[in-house]
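>>> Dropping a prediction and its sequence here:
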Amino acid sequence: MKGSEPLAITDTRPGPDGRKRGPRAPWVALPMQVVPVVAVSALLLGGLGLWSMLRSRTAPAEENVRTVFVPAPPPPASVYDTLRTGETLAEVLDVHGFSPQDIHELIEVVREYKSPRSFRPGVVVRLTGPPGGQAEQVLLQLNEDSLLALEVQTGGWASDVVTVPIQVDTLLLGGLIESSLWYAELTGEVERLGEGEFQEYVYDLADVFAWKVDFTRDIRRGDAFRVAIERELRPDGTVRTRRFLAIELRNRGRVLSAIPYTRPGGRRDYFDVEGEALRGVFLRYPVPYRITSGFSNRRYHPVLKQYRAHRGTDYGAPHGTSVKATASGTVTRAGTWGNYGRMVAIRHTHGIETRYAHLSSIAAGIRAGARVDQGQVIGRVGSTGLATGPHLHYEFLQNGAHRNVSTMNLPSAPALEDQYMSEFLVSRDAALDVLSGVALPAAASDFVGPAVAD
Ligand SMILES: [Zn+2]
């Protein structure tokens, strides 16, 4: 064993391209006492920050020499290594002085959990043993959430799967909107956001309020939001799960709140502070794409080259995008119908009918008389019928009359039932209490700018 190599800390992770390392990096050794906290973190390799943490914990305190009366036995030491590109697990074990017999046994034990060939470059191996002696424990990263611990025992190697400790935290963020949710000046615990993490929240936040706010039209400079997010974090700092505890959005002078609640056996839904549902009975849109042409009584038609009414909403979605029924109902028409091309029409309650036109294909089982659920895929975007290119033409009719779906006040999903209300109020108050840890950013008082997103 190469226990006599100098103690040093080197980032042995391969680069994003799995770059080759130079000579095998010097090892990291640290006393066993700090292993429970540090080792797992180091195994999952958050980043250089972790390594500097290790460094500070293991830096020799040369200037602080003291008399020691009772010599303690040297603690076991751990070393770390990383699987390199093209390197096998057996080769790593070989470098660390295991006998061919031990290597064979270890690989066979590993095989019970995961094919030894399927370990990717960058996987960290921790080996622990008496200083200068052969390692007696091997810790291997199996996947993001678990480690395989192997320990020598009389007659062979014992194995166990260790779940990576997950840390739960609460993240508080505020945002003052410059032009859109994407362009907001963030406040709060911004430094704890991971790469690209905020972008995910923007999507989710827009989803939660999709029925109350049209984020393509209604957002103004000076609008603001604040959110409390509960995250489950892995030791390397990546987010395992995340969910909103509470959200507040100030939009054009009104403040909207969203508090999650899950009915027993039901799905997680968002409600306002009074327990009214934020979700509509209809999905806000059948495809998650930009509106390219809105409802209009007089519009220049690019194909017909004349002005005529556009009694629907066009979404500029790529060919093949799946189209969802915006509410449950019964299919009244599925096939080709004049300028609509290939289309599906669905009858809903309250005298409402929706139409989905220019489809490239209609989903299997979608035919007149078929029942469809909200969110069910009924077809795919295309450009059949009178269309210049692939897009979805969506119509909403009530009692036979075309309605502008982006301006009408559609019915909401049912409010929270009385029997859940007291429990909801308790969790609401707790959530709002957490949210009060960050301020809803105030707009400057002279900040009544013109609409930005119109
Ligand atoms: Zn259209």
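In hand now; what should we look at?
>>> Going by C-alpha atoms from here, please, whenever you check contacts or count neighbours.
Will do.
>>> got a list of contacts for the host helix or strand of residue 201?
Assigned by DSSP states H and E, residue 201 belongs to helix 197-208. Applying C-alpha atoms under 8 Å, 6 or more residues apart in numbering, the contact partners of helix 197-208 are 181, 182, 215, 258, 270, 278, 279.
>>> how many other residues sit next to the residue in the stretch 51-200 of the chain that the ion sits nearest to?
Here the residue of the stretch 51-200 of the chain nearest the ion is residue 180; by C-alpha to the ion that distance is 26.0 Å. Per other C-alpha atoms under 10 Å, the neighbour tally for residue 180 reads 21.
>>> Next: residue 280.
19.
>>> unless I'm mixing things up, it is touching residue 408, no?
No. With contacts counted by C-alpha atoms under 8 Å, residue 280 stays clear of residue 408, the gap being 11.7 Å.
>>> Can you check which residues contact both of the two?
What both residue 280 and residue 408 touch, as defined by C-alpha under 8 Å, 6+ apart, is an empty set.
>>> who in the chain is up against the ion?
Proximity of the chain to the ion (C-alpha under 5 Å from the ion) is limited to residues 314, 393.
>>> Find the residue at the geometric middle of the chain.
Nearest residue to the geometric centre of the chain (C-alpha atoms, centre = their mean): residue 200, 6.0 Å.
>>> Following element in sequence after the helix holding residue 201, please.
Past helix 197-208, the next helix or strand by DSSP H and E is strand 224-233.
>>> State the pLDDT value of the residue of the stretch 351-454 of the chain found nearest the ion.
Taking C-alpha to the ion as the measure, the stretch 351-454 of the chain has residue 393 as its residue closest to the ion, at 4.2 Å. As predicted, residue 393 sits at a pLDDT of 96.
>>> Next up, the contacts around the residue nearest to it when sequence neighbours are not counted.
In space, and not counting its chain neighbours, residue 393 is closest to residue 314: 4.6 Å by C-alpha to C-alpha, 6 or more residues apart in numbering. Residue 314 makes contacts with 291, 292, 293, 294, 391, 392, 393, 394, as judged by C-alpha under 8 Å, 6+ apart.
>>> C-terminal to the strand or helix carrying residue 314, what's the next element?
Element membership of residue 314, judged by DSSP H and E, is strand 313-315. Using DSSP H and E, the next helix or strand after strand 313-315 towards the C-terminus is strand 322-324.
>>> which SS state does residue 152 fall under?
Following DSSP: H, G, I helix; E, B strand; the rest coil, residue 152 is assigned to strand.
>>> In this structure it contacts residue 139, no?
No. Between residue 152 and residue 139 there is no contact under C-alpha under 8 Å: 11.8 Å.
>>> mind checking how far residue 331 is from residue 349?
For residue 331, the distance to residue 349 equals 12 Å [C-alpha to C-alpha, to the nearest Å].
>>> neighbour-wise, which of these two wins?
Taking neighbours as other C-alpha under 10 Å, residue 331 and residue 349 compare with residue 331 leading, 23 against 11.
>>> Quick one, grab the pLDDT at residue 178.
Looking at residue 178, its pLDDT stands at 90.
>>> Low-confidence bits of the stretch 251-400 of the chain, can you list those?
298-307 (pLDDT under 70).
>>> mind listing the helices for it?
Counting by DSSP state H, counting those that start in this stretch, the stretch 251-400 of the chain has no helices at all.
>>> how big is the angle separating the helix ranked longest in the chain from strand 224-233?
In the chain, taking DSSP state H as the definition, the longest helix is helix 418-435. Going by axes from the mean of the first three to the mean of the last three C-alpha atoms, to 10 degrees, helix 418-435 is angled at 90 degrees with respect to strand 224-233.
>>> now for helix 418-435, which elements pack on it?
On a contact count with 3 or more C-alpha pairs under 8 Å, 6 or more residues apart in numbering; DSSP states H and E, helix 418-435 meets strand 224-233, strand 239-251, strand 254-262.
>>> quick one: the second one to chain centroid distance?
Same thing as strand 239-251. For strand 239-251, the separation from the chain centroid amounts to 12 Å (computed by C-alpha atoms, centre = their mean, to the nearest Å).
>>> Count the residues that sit near residue 110.
Residue 110 has 18 neighbours, counted by other C-alpha under 10 Å.
>>> Same check on the one 3 residues further on?
The number of residues packed near residue 113 is 13, by other C-alpha under 10 Å.
>>> likewise the one 3 residues further on?
When neighbours are counted by other C-alpha under 10 Å, residue 116 registers 16.
>>> any idea how far it lies from residue 101?
Using C-alpha to C-alpha, residue 116 is found at 16 Å from residue 101.
>>> Show the backbone phi and psi for the closest residue to residue 283 other than its chain neighbours.
Leaving out its chain neighbours, the residue that sits closest to residue 283 by C-alpha to C-alpha, 6+ apart is residue 326, at 4.5 Å. Residue 326 adopts backbone torsions of phi -80, psi -10, taken as degrees, to the nearest 10.
>>> Could you measure from residue 326 over to the ion?
17 Å (C-alpha to the ion, to the nearest Å).
>>> That residue is in contact with residue 287, isn't it?
No. In this structure, residue 326 is not within contact of residue 287 by C-alpha under 8 Å, at 9.3 Å.
>>> Return the nearest residue of the stretch 101-250 of the chain with respect to the ion.
Minimum separation of the stretch 101-250 of the chain from the ion (C-alpha to the ion) falls at residue 216, amounting to 18.2 Å.
>>> burial measure for that residue, as a count.
Residues within reach of residue 216, counting by other C-alpha under 10 Å, total 12.
>>> Same check on residue 400?
For residue 400, the neighbour count with other C-alpha under 10 Å is 10.
>>> And residue 382, by the same measure?
For residue 382, using other C-alpha under 10 Å, the count is 25.
>>> pretty sure it contacts residue 320?
Yes. Using C-alpha under 8 Å, residue 382 is in contact with residue 320, at 6.4 Å.
>>> In CSV: the contacts of helix 197-208, plus neighbour count and distance to residue 123.
CSV is the format used below for the contacts of helix 197-208 (neighbours: other C-alpha atoms under 10 Å; distance: C-alpha to C-alpha, whole Å):
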residue, neighbour count, distance to residue 123
181, 24, 38
182, 13, 35
215, 17, 42
258, 26, 41
270, 23, 40
278, 24, 44
279, 22, 44
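>>> Just give me the closest of those residues to residue 240.
Nearest to residue 240, judged by C-alpha to C-alpha, of the contacts of helix 197-208 is residue 270 at 21.5 Å.
>>> Many thanks, I have nothing further to ask.
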